[in-house]
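In: Provided below are the primary sequence and the corresponding predicted coordinates.
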Amino acid sequence: MNENIIISILFTIGFLFMVIFFKVAKLYSSAQKESVNNDGVTSMLSAQSFVDDQLRDVLLDLNTEKFKLHNEKFKESIGLYFTGAIEMIGKQSECNAQSRRLMVVKILHSRLNLTSIEMSKIYAAAFKRKQIKTKNCIMGLGAKAALLWLSKSDIPVNISLASQLREFSAVAA
């Protein structure tokens with residue numbers, strides 16, 4: 001009987017992962033075809049600028065070489081940080097959920113060269129973290145940093161992407 005329950009749970013988890021994968025793949029392919037609506041253009045440009053600034057700081061401050069950005073765990077952490085930030089920038093511009101998701105897909109694909117499978121993993125992790133709703137998770141810190149950046153304030157070092165990756169490196173080492 002326990003084996004049947006375990007098999008049912010594993011089947012359900014597999015099914016849910018497949019649903020998430022297909023939804024992200026569909027969103028990913030529609031992002032390739034669709035453009036963000038005119039109201040979201042400014043938001044998209046702002047989000048791209050924020051992402052570029054943070055990536056530049058990571059490359060300069062951490063003296064990170066390009067190959068480190070290809071590490072799967074680094075990519076996931078960076079993707080989660082930027083997902084929180086891009087969502088916040090979109091919300092501040094009053095973009096709807098679909099536009100914000102398209103922005104996340106387009107920006108992460110163009111800046112981090114994420115595949116649809118990698119995007120699925122990041123969305124699954126983001127969904128799981130949204131359920132927990134902690135302000136100090138990497139997505140929450142990305143959102144906080146984006147809010148400060150939008151208000152033309154300096155981003156405190158402790159919530160910058162570079163500091164989050166330094167912390168991640170220290171834990172992983």
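Out: Right, received. Where do you want to start?
In: Trp149 versus the residue nearest the centre of the chain, what's the distance?
Out: Nearest to the mean C-alpha position of the chain, counting by CA atoms, centre = their mean, stands Thr83 at 2.8 Å. The gap separating Thr83 from Trp149 is 15 Å, by CB to CB, to the nearest Å. To be clear about C-beta, it is placed using only N, CA and C from the backbone, and glycine gets the same treatment.
In: still on that earlier bit, quick one: contacts for the residue nearest to the centre of the chain?
Out: Each residue near Thr83 by CB atoms under 8 Å, 6 or more residues apart in numbering is listed here: 104, 108, 122-123, 126, 139, 142.
In: Could you dump those into TSV with secondary structure and pLDDT added?
Out: Shown next, in TSV, are these (DSSP: H, G, I helix; E, B strand; the rest coil; pLDDT from 0 to 100):
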residue	secondary structure	pLDDT
Val104	helix	89
Leu108	helix	89
Ile122	helix	85
Tyr123	helix	79
Ala126	helix	80
Met139	helix	88
Gly142	helix	92
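In: Show the pLDDT at the residue nearest to the centre of the chain.
Out: pLDDT recorded at Thr83 is 92.
In: now do the one 10 residues further on
Out: In this prediction, Ser93 carries a pLDDT score of 88.
In: One more: the one 10 residues further on?
Out: We have a pLDDT of 91 for Met103.
In: Check the gap between it and Met18 for me.
Out: Taken as CB to CB, the span from Met103 to Met18 is 25 Å.
In: between these two, who's got more neighbours?
Out: More crowded of Met103 and Met18, by other CB atoms under 10 Å: Met103, with 25 against 11.
In: any idea which helix or strand carries that one?
Out: Secondary structure from DSSP states H and E places Met103 in helix 97-112.
In: sorry, back to before: who wins for neighbours among the contacts of Thr83?
Out: Gly142 (30 neighbours).
In: need the contact list for the closest residue to it other than its chain neighbours.
Out: Leaving aside its sequence neighbours, Gly142 sits nearest to Gly84 (CB to CB, 6 or more residues apart in numbering; 3.4 Å). The contact partners of Gly84, taken as CB under 8 Å, 6+ apart, are 126, 138-143, 146.
In: and with 7 Å instead?
Out: 139-140, 142-143 (CB atoms under 7 Å, 6 or more residues apart in numbering).
In: How about Leu27?
Out: By CB under 7 Å, 6+ apart, the residues touching Leu27 are 101, 105.
In: From Phe15, how far off is it?
Out: Using CB to CB, we find Leu27 at a distance of 19 Å from Phe15.
In: Surely Leu141 is in contact with Gln164?
Out: Yes: assessed by CB atoms under 7 Å, Leu141 is found in contact with Gln164 at 6.3 Å.
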